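Engineer: How does the following fold in three dimensions:
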Amino acid sequence: MTRGYDYVIVGGGSAGCVLANRLSAVRDNRVLLLEAGGRGRNPLYRVPLIAGKLSRHHFGDWNYETEPEAGLNGRRVDWPRARMLGGCSTIAGMLYVRGHPSDFDAWARLGNRGWGYREVLPYFKRAEDHEDGADAHHGSGGELFVRGPRSDNPILDAYIEAGRQAGYPLTDDFNGAAQEGFGRYHCNIRNGRRWSAARAFLDPALPRSNLTVLTGAQATEILFDGRRARGVAYRRRGRDERATADGEVILSGGAVNSPQLLMLSGIGPADALAAHGIPVRADLPGVGRNLQDHLDLSVRHASKRPVTVYRLLALDRFVLETARALLFGTGPTTVFPQEAGGFVRSEPDLEAPDLQAHILPLLVERMKLRPPFAYLFDRDPAEGHGYAMRTSLLRPHSRGAIELRSSDPFARPVIRANYLSDRRDVDLFRKAVDICRDVLSREALEPFDAGEIEPGPDVRSDVDIETWIRQAATTEFHPVGTCRMGRGPEAVVDEELRVIGVDRLRVADASIMPVITGGNTNAPTMMIGEKAADLVLGRAPEARRRGRRGMPEGNEEEAT
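Structural biologist: Just a heads-up that it's a prediction; the model follows:
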């Protein structure tokens, strides 16, 4: 069976949901959104505290893992990637962090005209509906609700004060005038519930008759007529089907699936494609290369006070608070626990912070449900409680790759993250450990501090610290860069996100980032979707329209 559309979007994640909304807002456009997973309607996904726990090792996740990582002592690292509408915005942390302005200016300096911070800021603002209203840095009236902090956990303010005592600045908005410093995050949570890209952008568009959303539809190949992309082959409910695109095909599958589909369709490194018997349509050595991810470490302490998430894990409390969140949008499970953090420079002469440091009010290994009323039998109310300073490298030097395992579109791709393959990342992590220990030793945290658990007070020498780093480092789940935007032999898409060497095919997701942004990657991915929509529709950039009229362009449904 073949279906005909103007635009076929592959992948219903953060960028794909934005694109589906914006392209279908033009009445004459026939838009198809293909999503390999389900609709993501499990109500528990909406509960901020617990949704991430639902993502691993079941139908809502691709269940990816890396190859054995030499830099991590041969460990395989789990890579949760959501397989549902909304993508990772449905399962991951809800922190709204755009990155540092210099990140986007660096993209522009790499030859990507129109991607500097001045040009992309209007797209962040167009999407945003900030609870405090519009200002120079924020937007209002958009689909993506952004709220300020809500948690009353005293350890969060103590952590921020400890950062100040350690000599770091304070900031009240990581997306405002200055990212650097300690403060509280803004979150994509509305009325106590997760506000994913699917809720924000896709749900309002679903009633449109010109938008078709097919879930359980895994793309297997991009179809071509000569150089021109003409559609997508996909499998749904055990049947092989096709969708044609009179306009364009747009890949929004993310840093793993977008390069995988390109290679399955003959676009990628010629030698690798030939090894799998795939005819080469466009020899692009950069497809799958340039993989970057935020790696992090947690310096962990036991707590003297029962103020961490552990207190909610007795089954009776967990069920009660989850029901309260679902029914009324209130209670402790409606708050993302990592609501306080900091962006710091490891050296004073750096242009921008190179470390991000959350306070995590829990011990990960303790995040398991306990029997009902188990807290009644605890000898010490603080037993089992602890917290961690979780620090990630914002701009890692190590680079990895996504490769095909075979020509079978249903075979998991090979993920080689190559964590800590660049010595500079190891050296920066050693500095991060020193910074964490300094902050966590400050007077503000003394009422909570029951001693360092990990790496442990005996781990002091450079050799011992490096050994611990390689044992303990893990991913922040922010893979990007595998369909690099730019110029030169490693580029996959140009500055308008068009795949080099073919026609009518674009990529619009985190894979196009030439360099990873300095912070959580969900907000920048939605910005990419916003800008991609204008590029596809041939509209003037949002910054130029705002500069010319002083306001956003009018009714999208009347645009042509």
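
Engineer: Surely Leu214 is within a strand?
Structural biologist: Yes: counting by DSSP: H, G, I helix; E, B strand; the rest coil, Leu214 is located in a strand.

Engineer: Pull the contacting residues for it.
Structural biologist: Applying Cβ atoms under 8 Å, 6 or more residues apart in numbering to Leu214 gives the contacts 32-35, 234, 236. Every C-beta, even on glycine, is put in place using the N, C-alpha and C of the backbone.

Engineer: Of those residues, which is the nearest to Leu326?
Structural biologist: When the contacts of Leu214 are compared for distance to Leu326 (Cβ to Cβ), Glu35 wins out at 24.2 Å.

Engineer: Could you double-check that that closest one lies in contact with Gly12?
Structural biologist: Yes: the pair Glu35 / Gly12 is scored as a contact, 3.5 Å apart, by Cβ atoms under 8 Å.

Engineer: Find residues that contact each of the two.
Structural biologist: What both Glu35 and Gly12 touch, as defined by Cβ under 8 Å, 6+ apart, is the set 84-85, 213, 215.

Engineer: Now render the residues you listed as JSON lines, adding distance to Pro285, pLDDT and neighbour count.
Structural biologist: Shown next, in JSON lines, are the shared contacts of Glu35 and Gly12 (distance: Cβ to Cβ, whole Å; pLDDT from 0 to 100; neighbours: other Cβ atoms under 10 Å):
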{"residue": "Met84", "distance to Pro285": "32", "pLDDT": "93", "neighbour count": "26"}
{"residue": "Leu85", "distance to Pro285": "33", "pLDDT": "94", "neighbour count": "28"}
{"residue": "Val213", "distance to Pro285": "35", "pLDDT": "98", "neighbour count": "22"}
{"residue": "Thr215", "distance to Pro285": "34", "pLDDT": "97", "neighbour count": "17"}
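
Engineer: Show me what counts as buried in the longest strand along the chain.
Structural biologist: Ranked by number of residues, the top strand in the chain under DSSP state E is strand 239-251. For strand 239-251, a neighbour-count test (16 or more other Cβ atoms under 10 Å) marks 241-245, 247-251 as buried.

Engineer: Pick out whichever of those sits closest to Pro361.
Structural biologist: Each of the buried residues of strand 239-251 was scored against Pro361 by Cβ to Cβ, and Leu251 proved nearest at 38.2 Å.

Engineer: show me the contacts for the closest one.
Structural biologist: For Leu251, the contact set (Cβ under 8 Å, 6+ apart) comprises 10-11, 222, 258, 261-262, 483, 505-509.

Engineer: Which ones among those map onto strands?
Structural biologist: By the criterion of DSSP E, membership of the contacts of Leu251 in strands covers 10, 222, 505-507.

Engineer: between those residues, which has the most around it?
Structural biologist: Val507 (31 neighbours; other Cβ atoms under 10 Å).

Engineer: Quick check: neighbours of the longest strand of the chain in the sheet, parallel or antiparallel?
Structural biologist: When pairing is defined by DSSP bridges, strand 239-251 lines up against strand 2-10 (parallel), strand 228-236 (antiparallel), strand 505-507 (parallel).

Engineer: Quick one: mean pLDDT for it?
Structural biologist: For strand 239-251, mean pLDDT is 97.

Engineer: just stretch 263-282 next, same as before
Structural biologist: Mean per-residue pLDDT for stretch 263-282: 98.

Engineer: quick one: buried residues of it?
Structural biologist: 263-269, 272-273, 276, 278, 281-282.

Engineer: what about Tyr123, which SS state?
Structural biologist: Going by three-state DSSP: Tyr123 is helix.

Engineer: just so I know, which of the strands paired with strand 239-251 lies nearest Gly141?
Structural biologist: strand 2-10 (24.2 Å).

Engineer: angle of the next helix or strand after that closest one against strand 2-10?
Structural biologist: For strand 2-10, the succeeding helix or strand toward the C-terminus, using DSSP states H and E, is helix 14-24. Orientation note: helix 14-24 sits at an angle of 130 degrees relative to strand 2-10 (axes from the mean of the first three to the mean of the last three Cα atoms, to 10 degrees).

Engineer: For helix 14-24, the averaged confidence score.
Structural biologist: The average pLDDT within helix 14-24 is 98.

Engineer: just checking, what packs against that helix?
Structural biologist: Where contact means 3 or more Cβ pairs under 8 Å, 6 or more residues apart in numbering; DSSP states H and E, helix 14-24 is packed against strand 2-10, strand 31-35, helix 197, helix 203-205, strand 211-215, helix 522-537.

Engineer: Alpha carbons of it, in PDB - could you do that?
Structural biologist: Provided in PDB are the C-alpha atoms of helix 14-24 (Å, rounded to 0.1, in the frame of the first residue of the first chain):
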ATOM      1  CA  SER A  14      11.100  16.500  20.200                       C
ATOM      2  CA  ALA A  15      12.000  18.000  16.800                       C
ATOM      3  CA  GLY A  16       9.500  15.800  14.900                       C
ATOM      4  CA  CYS A  17       6.600  16.900  17.000                       C
ATOM      5  CA  VAL A  18       7.500  20.600  16.400                       C
ATOM      6  CA  LEU A  19       7.800  20.000  12.700                       C
ATOM      7  CA  ALA A  20       4.500  18.100  12.500                       C
ATOM      8  CA  ASN A  21       2.800  21.100  14.200                       C
ATOM      9  CA  ARG A  22       4.400  23.800  12.100                       C
ATOM     10  CA  LEU A  23       4.100  22.100   8.700                       C
ATOM     11  CA  SER A  24       0.500  21.000   9.200                       C
END
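
Engineer: Run through who's touching stretch 62-69.
Structural biologist: Residues outside stretch 62-69 that contact it (Cβ under 8 Å, 6+ apart) are 56-57, 74-83, 256-257, 412-420.

Engineer: what distance separates the start and the end of that stretch?
Structural biologist: End-to-end distance for stretch 62-69, by Cα to Cα, to the nearest Å: 20 Å.

Engineer: pretty sure Trp468 is touching Arg460, no?
Structural biologist: No: with contact defined as Cβ under 8 Å, Trp468 does not count as touching Arg460 (10.5 Å).

Engineer: More neighbours: which of those two?
Structural biologist: Regarding Trp468 and Arg460, a neighbour count based on other Cβ under 10 Å identifies Trp468 as having more, with 19 against 11.

Engineer: So the more buried one, which state does it fall into?
Structural biologist: What three-state DSSP gives for Trp468 is helix.

Engineer: dump the residue contacts of it.
Structural biologist: 454-455, 459.

Engineer: ok, and the most crowded of the residues you listed?
Structural biologist: Pro455 (22 neighbours).
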